[in-house]
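# sequence first, then the predicted structure:
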Amino acid sequence: MKSPYVGITTLVAIAAGVLLSLVHVPGHATDDKRWSGALCTPYGGTKQEDYIIRGDGIQNASTTANKSVVCAITKDADEAYSDANGHAALFVYGTRTIKGSVQCVLNKGNASFGPVVTVTRDIASATTDWTATFDAADFSGAGSTATITVVCRLPPRAKLAHILWYENNTTNTAPL
C-alpha cells in the first residue's frame, strides 16, 4: 500500500524548489556569455555591404582597406569588476587570411554619461587567428550601470568570429 505522505513530500519538495528559484542571492560564480561576431555592426562610416556577415562572424569584404565594427557587450547588473570581487575578462576572437594588424578598443562608461574610458589592444600583423584580451584591471570601476562596447579595426578579409565574456565574479544575474 502506497503511503499518502509520499505524494505530500513530493509536492512540498517541488514547492520549496520553486520558491528557492525565485529568491536571488548574489554569489561568487562563473557566468560566461558567448556570442557571434555576426551581432556586431558596421562602424565609422562603413556600410553593411562592406562586410560578409554569416553565423560564424562578421568579415571585412575588402581586399585593400581596413574596416571597423562595433560590438555591444551584454552584461549583468554586477558590482564593479575588480580582482577583489572576483574576475572578469573579455576575449575577442577572429581570423585573418591577408597579412594585417587588428586593433580593438574597449569603451566603458556610465549609461547616463557615455563612454568615459578606453583601453586599446593592438594585435601584430600576421595571417593567423587573433585574440584581443581585456582583463579585470581594464574593467576597474565599470559598475552595474556601465555600458561596454568594443570597436575593432579589421584589416582586409579579416573576420571577427566570436566574443567571450568570462565572469567569475560576485555576480548579479539580473539583466541591466
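Happy to help now that I have it. Residues are numbered from 1 along each chain as shown.
# state the mean pLDDT of the helix or strand Glu167 falls within.
Glu167 is part of strand 159-171 when elements are defined by DSSP states H and E. Taken as a whole, strand 159-171 has a mean pLDDT of 80.
# could you verify my assumption that Gly57 touches Gly94?
Yes - with contacts counted by C-beta atoms under 8 Å, Gly57 reaches Gly94, the gap being 7.0 Å. (Glycine included, C-beta is placed from N, CA and C.)
# okay, helices next: where are they in the chain?
4-22 (DSSP state H).
# and the strands in it?
27-30, 33-36, 41-43, 51-54, 57-60, 67-72, 86-95, 100-110, 114-126, 130-134, 146-154, 159-171 (DSSP state E).
# partner strands of the shortest one, with direction?
Partners of strand 41-43 in the sheet, by DSSP bridges, are strand 67-72 (antiparallel).
# now the strand it pairs with and strand 100-110, what's the angle there?
On the basis of axes from the mean of the first three to the mean of the last three C-alpha atoms, to 10 degrees, strand 67-72 is oriented at 30 degrees to strand 100-110.
# buried set for strand 67-72?
Neighbour-count burial for strand 67-72 flags 67-71 (criterion: 16 or more other C-beta atoms under 10 Å).
# please apply the same query to stretch 44-57.
Buried-residue list, stretch 44-57, by 16+ other C-beta under 10 Å: 46, 50-51, 53, 57.
# shared neighbours, Gly57 and Gly94?
37, 159-161 (C-beta atoms under 8 Å, 6 or more residues apart in numbering).
# where in this protein is pLDDT low?
1-31, 76-87, 110-111, 113-116, 140-145, 168-176 (pLDDT under 70).
# and the gap between the residue lying closest to Thr41 once chain neighbours are set aside and Ala137?
Closest residue to Thr41 apart from its sequence neighbours, by C-beta to C-beta, 6 or more residues apart in numbering: Val70 at 5.9 Å. Distance, Val70 to Ala137, by C-beta to C-beta, to the nearest Å: 23 Å.
# and Arg34, by the same measure?
The value you get for Arg34 to Ala137, if C-beta to C-beta is used, is 22 Å.
# check Tyr43 too.
Taking C-beta to C-beta, one finds Tyr43 at 25 Å from Ala137.
# between the two, tell me which one has more neighbours.
Neighbour count, other C-beta atoms under 10 Å: between Tyr43 and Ala137, Tyr43 has more, with 15 against 11.
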